[in-house]
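*Asks:* Quick one, fold the following:
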Amino acid sequence: MIYLVLGRRERGKTTLAYSIASRVERRIVLDPRRLVSRHGKMTALAQTSNDLRDQVFALCDGDPDVAEVIYWPTDDDLGEAFADFVRVIKNETSGRRTPIAIVIDEASFYDLDLPAFQWLAKCSFRESVHIIITAHRPQDIPTSIRSIADHWIVFAMTQEHDLKALAQRSPHAATLAPRLSGRAYVHWDDSHAKLTVNRDERSWFVQLSSAPAPIAAIVPAGDDDDFDLR
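*Replies:* Residues are numbered from 1 along each chain as shown. Model prediction:
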C-alpha cells in the first residue's frame, strides 16, 4: 500500500510516517535529515550504499537481529542515494510476501519517477509492502504515484492548487483540510472511500530519537483502526 503524509513543516509528518511504519515488524527508513535516531539493539544504521545493501539483505532474509534499517545518506547527491535505496529494496523484496514498511521522508528531494521506484510502487505485493511518503505538497509527488496512493493523510492545507489535488481524491477532505489546526490531520482511505479526522496527536506520537521523551509526551498505544497494515 502507498501512504502519502502531506503538510507544512513542524506538523509531525515524519513522526506520523514513522508511527505508521512501526506497526510493521520490519521497516526501512530513508532519513536524509537524520531525524530518526532510535538506535535500538535491532536497528541497523547505514550511511553508504554497501552498508545499505548488506543490512537490507539481512532484514529481508529474516535476520533476528535486524528489524529496522535507517539510511542516512552521506553523499551530497541525494538523487544518487535514492536510486541506490530503491534499487537495493527492489532487488531484495522482489517476490517476497514478508510484510515490510518503507519510509521515504521529504519526497521533493527525489525523482519518484525512477523506473525502479515505479516498479516498487506498482509491482510489489500491495498487502505486504507499505510505502509511506512524506512531502510538503501534493505537487512534490508525481501524478503517477498520487493516482495509485491508497491513503492520503493531510495536515492543515490552504493553498488552492494543493486543495485542488486533494479534492480529486476526496472533495470532503479538501473541505476539511483548511480548517485543521495544530497537529490534527484528515485521513482519506481511498481503498475503502472512508474519511476520518484525528485531532489527538497522543494517539500516534512516537519518540524519533533515543533521548527520553518528556513525561507529558509518553502516551499509551493508540487506536489502530485507521490503518490496516496486514
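*Asks:* quick one: stretch 3-20 to chain centroid distance?
*Replies:* Distance of stretch 3-20 from its chain centroid, counting by C-alpha atoms, centre = their mean, to the nearest Å, is 8 Å.
*Asks:* Which residues belonging to that stretch are considered buried?
*Replies:* Counting neighbours by 16 or more other C-beta atoms under 10 Å, one finds that the buried residues in stretch 3-20 are 3-7, 11-20. All C-beta spots, glycine's among them, are computed from the backbone N, C-alpha and C.
*Asks:* can you list the residues that contact that stretch?
*Replies:* Contact partners of stretch 3-20, identified using C-beta atoms under 8 Å, 6 or more residues apart in numbering, comprise 29, 33, 35-36, 101, 103, 105, 130-138, 141, 145-146, 149-157, 162, 183, 185, 201, 204-206, 208, 227, 229.
*Asks:* again, only this time at 6 Å
*Replies:* Contacts with stretch 3-20, where a contact means C-beta atoms under 6 Å, 6 or more residues apart in numbering, come from 35, 103, 105, 132-135, 149, 151-155, 183, 204, 206, 227.
*Asks:* From the contact count, pick out the helices and strands touching the longest strand along the chain.
*Replies:* When the chain is scanned for its longest strand (criterion: DSSP state E), the result is strand 129-135. Under the contact criterion of 3 or more C-beta pairs under 6 Å, 6 or more residues apart in numbering; DSSP states H and E, the helices and strands touching strand 129-135 comprise strand 2-6, helix 13-21, strand 100-104.
*Asks:* For the ones you listed, please prepare JSON lines with the additional fields mean pLDDT and distance to Cys123.
*Replies:* Supplementary listing: the helices and strands packed on strand 129-135 in JSON lines, determined by pLDDT from 0 to 100; distance: least, C-beta to C-beta, whole Å:
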{"stretch": "strand 2-6", "mean pLDDT": "97", "distance to Cys123": "12"}
{"stretch": "helix 13-21", "mean pLDDT": "94", "distance to Cys123": "21"}
{"stretch": "strand 100-104", "mean pLDDT": "96", "distance to Cys123": "14"}
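*Asks:* In the protein, what residue spans correspond to strands?
*Replies:* Counting by DSSP E, the chain has these strands, from start to end: 2-6, 27-30, 43-46, 68-71, 100-104, 129-135, 151-154, 185-189, 194-198.
*Asks:* I'd like those strands as TSV, with distance to Arg169 appended.
*Replies:* Output for the strands of the chain, formatted as TSV (distance: least, C-beta to C-beta, whole Å):
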stretch	distance to Arg169
strand 2-6	9
strand 27-30	24
strand 43-46	34
strand 68-71	29
strand 100-104	19
strand 129-135	15
strand 151-154	6
strand 185-189	6
strand 194-198	10
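*Asks:* re the thing from before, so can I have TSV of the helices and strands packed on strand 129-135 showing distance to Ile70?
*Replies:* Conversion of the helices and strands packed on strand 129-135 to TSV gives the following (distance: least, C-beta to C-beta, whole Å):
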stretch	distance to Ile70
strand 2-6	18
helix 13-21	10
strand 100-104	9
